[in-house]
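Undergrad: sequence first, then the predicted structure, then my questions.
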Amino acid sequence: MNLREKTGLTFDDVLLVPKRSAIRSRGDVETSSLLVPEIRLSIPIISANMDTVTETTMAVAMAQAGGIGILHRFMPTAKQAEMVRRVKRAEGFVVEHPVTIQPEANLAEARQMMVDSLIGGLVVVDDEGHLLGLLTSRDILLAPEAGLKVMDLMTPRDKLVVAPVDEALDSARLKLHSHRIEKLPLVDAQDRVVGLITAQDIIKLQEHPQATKDAKGRLRVGVAVGVRSDDLDRAAACIEEGADVVVVDVAHGHAEHVLEMIHQLKQQFPGTAVIGGNVATAQGVRDLAQAGADAVKVGVGSGSICITRIVTGFGLPQLTAVAECAQAGHELGVPIISDGGTRNSGDLVKALAAGASTVMVGSLLAGTDESPGASVIREGRRYKVVRGMASLSANVSRKEIDQGELDLSELERVVPEGVEALVPHRGAVKETLHQLVGGLRSALSYAGAANIDELWEKAEFIRITASGEKESAPHDVKLL
């Protein structure tokens, strides 16, 4: 038997020691951190790749706030790729490959295309992609259905203001304003449509200055994949739509098949960042990094809806796991993502202070408006459903997607490592993020740290007793 003498610690076991600080205001600190070496987030927060946490709406909101969302993989490949496409189209200076329609199409088809693509206008082109006109929601708002075609309602080419493919932002803004238009098609020398600039997209650029954007001004988004051979096809489809990061999503990431998948992904998609995990040891970080992982996700059994430690007896308290993994990660230049156990801003700060570059959050975001979890009412209060991706119901859903039908006899062989639960409704995700980031800003001032790198250097933990933990919370008063 090999028994570690070291005691494993989690967030409630410690506090950070306040330091002399030259920070005069919470606004004087920097909260940005690396997701992977090539991508920096304005806030060090990632929404978890869980089917009750991150789909299109959450991914858009996270990126707009300066973080990033990881789309879960418990859906058909085509649906996940479509979600990537929608996130990438949600913002951007230039809409590449705008949605087009033929002039002979009828009004009903045009309406449906706008609804399906969540857009307010279609570019009308011929078979060779030449610009023929624009059709907007304003053109069809009160139009009768009978007999009308796109050509009857569109603004024709000779009345459109257009711009070249290399149109600058300031020039586009001036054209949109001076001509009082909302959409500016970009055309090449042959008058073929190559892009679209909209007034709404420029407004979004101003509304979300801290947003996580790619080189084309589009919101960044990540996708989760598994370790089967067809997951390479899943990754390919999502990357084709613009996915910025691929996360190999396995509960026990320190495994040969995970290392092989990371290696294959880096070989097949060398320009795309790959995150591996989950692990809980420094050796796990080293092995994943050697396989090609650009960042490593840390956490085994620490999630609020995870029962891996109870079912298997394996795991490591999250603070100790992050600290040990971060030491290896910093030596290798591989960012560490703390995944699990974050219940409040204090936990987030402790994970970062222990060496994590970013923190993945699941249940804490599951109760927000943007999460896809179902809403329920219990005793007059509103809740949302959250479930672990190793829960019984998640296993059922996965088998239905994989097999197209469910063999009930297979359920007898499932040993769940997660549960389903209810979390209180928390309103818009931006409010939760505001509280988390506000706590982080205050924490940096207590540490005398201007940024997260300095927090790593200056952080000093002290173990506390059960009485110390009790003292940290409200006590000896009746809460209102």
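TA: Arrived safely, thanks for sending. None of these values were measured; they are calculated from a predicted model.

Undergrad: longest helix in the protein, by number of residues?
TA: Identified as the longest helix of the chain according to DSSP state H is helix 429-447.

Undergrad: what packs against that helix?
TA: If contacts are counted by 3 or more Cβ pairs under 8 Å, 6 or more residues apart in numbering; DSSP states H and E, helix 429-447 sits against strand 14-16, strand 45-47, helix 56-65, helix 345-353, helix 363-366, helix 452-458. Every residue, glycine included, has its C-beta placed from N, CA and C.

Undergrad: quickly find the element holding the residue nearest to residue 277 when sequence neighbours are not counted.
TA: Setting aside the residues directly before and after it, residue 277 is nearest to residue 297 in space (Cβ to Cβ, 6 or more residues apart in numbering), at 2.7 Å. Secondary structure assignment for residue 297, by DSSP states H and E: strand 295-298.

Undergrad: elements contacting that strand?
TA: Of the remaining helices and strands, those touching strand 295-298 by 3+ Cβ pairs under 8 Å, 6+ apart are strand 33-36, strand 273-279, helix 282-291, helix 318-332, strand 336-339.

Undergrad: make it 10 Å
TA: Packed against strand 295-298 by the contact rule (3 or more Cβ pairs under 10 Å, 6 or more residues apart in numbering; DSSP states H and E) you find strand 33-36, strand 245-248, strand 273-279, helix 282-291, helix 318-332, strand 336-339, strand 358-361.

Undergrad: which parts of the fifth one are buried?
TA: Spelled out, it's helix 318-332. Counting neighbours by 16 or more other Cβ atoms under 10 Å, one finds that the buried residues in helix 318-332 are 318, 319, 320, 321, 322, 323, 324, 325, 326, 328, 329, 332.

Undergrad: please identify which of those residues is nearest to residue 370.
TA: residue 318 (25.2 Å; Cβ to Cβ).

Undergrad: that closest one contacts residue 14, correct?
TA: No. With contacts counted by Cβ atoms under 10 Å, residue 318 stays clear of residue 14, the gap being 11.2 Å.

Undergrad: for residue 92, which residues are in contact?
TA: With contacts taken as Cβ atoms under 10 Å, 6 or more residues apart in numbering, residue 92 has the following neighbours: 195-198, 201, 204-205, 213-214, 216-219, 242.

Undergrad: for the stretch 101-250 of the chain, give me the ranges with low pLDDT.
TA: In the prediction, the stretch 101-250 of the chain carries residues with pLDDT under 70 at positions 145-146.

Undergrad: those strands in it, which residues are they?
TA: Taking DSSP state E, counting those that start in this stretch, the strands of the stretch 101-250 of the chain run over residues 121-125, 131-136, 155-156, 163-164, 183-187, 193-198, 222-225, 245-248.

Undergrad: residue 38: how many residues sit nearby?
TA: Counted with other Cβ atoms under 10 Å, the neighbours of residue 38 add up to 12.

Undergrad: and for it, nearest residue in space, chain neighbours not counted?
TA: Of all residues apart from its sequence neighbours, residue 273 sits closest to residue 38 (Cβ to Cβ, 6+ apart), at 6.1 Å.

Undergrad: tell me who's in contact with that neighbour.
TA: Residue 273 makes contact with 35-39, 220, 222, 243-247, 265-266, 293-295 under the criterion Cβ under 10 Å, 6+ apart.

Undergrad: can I get the buried part of these as one ChimeraX selection?
TA: Applying 16+ other Cβ under 10 Å to the contacts of residue 273 leaves a buried subset, and the ChimeraX line that selects it is:
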select :35,36,39,220,222,243,244,245,246,247,265,266,293,294,295
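
Undergrad: show me what contacts the residue of the chain most remote from its centre?
TA: For the chain, the largest distance from the centre (Cα atoms, centre = their mean) belongs to residue 147, which lies 43.9 Å off. If you count contacts by Cβ under 10 Å, 6+ apart, residue 147 has them with 106, 107.

Undergrad: same deal with residue 241?
TA: 80, 81, 82, 83, 84, 85, 86, 87, 88, 89, 221, 223.

Undergrad: state the distance from it to residue 218.
TA: In this view, residue 241 and residue 218 are 11 Å apart by Cβ to Cβ, to the nearest Å.

Undergrad: between those two, what contacts are shared?
TA: When contacts are counted by Cβ under 10 Å, 6+ apart, residue 241 and residue 218 have 87, 88, 89 as shared neighbours.

Undergrad: nearest residue to the last one in space, please, no chain neighbours.
TA: Beyond its immediate neighbours in the sequence, the residue positioned closest to residue 89 (Cβ to Cβ, 6+ apart) is residue 95, lying 6.4 Å away.

Undergrad: how much space is there between the one you found and residue 122?
TA: Here the distance between residue 95 and residue 122 works out to 12 Å (Cβ to Cβ).

Undergrad: angles on the backbone of the spatially most central residue of the chain, please.
TA: Centrality entry for the chain: nearest residue to the mean C-alpha point is residue 69, 0.4 Å, by Cα atoms, centre = their mean. Summarising the backbone geometry of residue 69 under the convention degrees, to the nearest 10, its torsions are phi -110, psi 150.

Undergrad: can you give me the neighbour number for the closest residue to it other than its chain neighbours?
TA: Closest residue in space to residue 69, ignoring its immediate chain neighbours: residue 59 at 3.3 Å, by Cβ to Cβ, 6+ apart. As a burial measure, the neighbour count of residue 59 was computed by other Cβ under 10 Å and equals 28.

Undergrad: mind pulling up the pLDDT for residue 59?
TA: The predicted local confidence for residue 59 comes out at a pLDDT of 98.

Undergrad: mind listing what it touches?
TA: When the contact criterion is Cβ under 10 Å, 6+ apart, the partners of residue 59 are 47, 67-71, 83-84, 86-88, 90, 219-223, 370.
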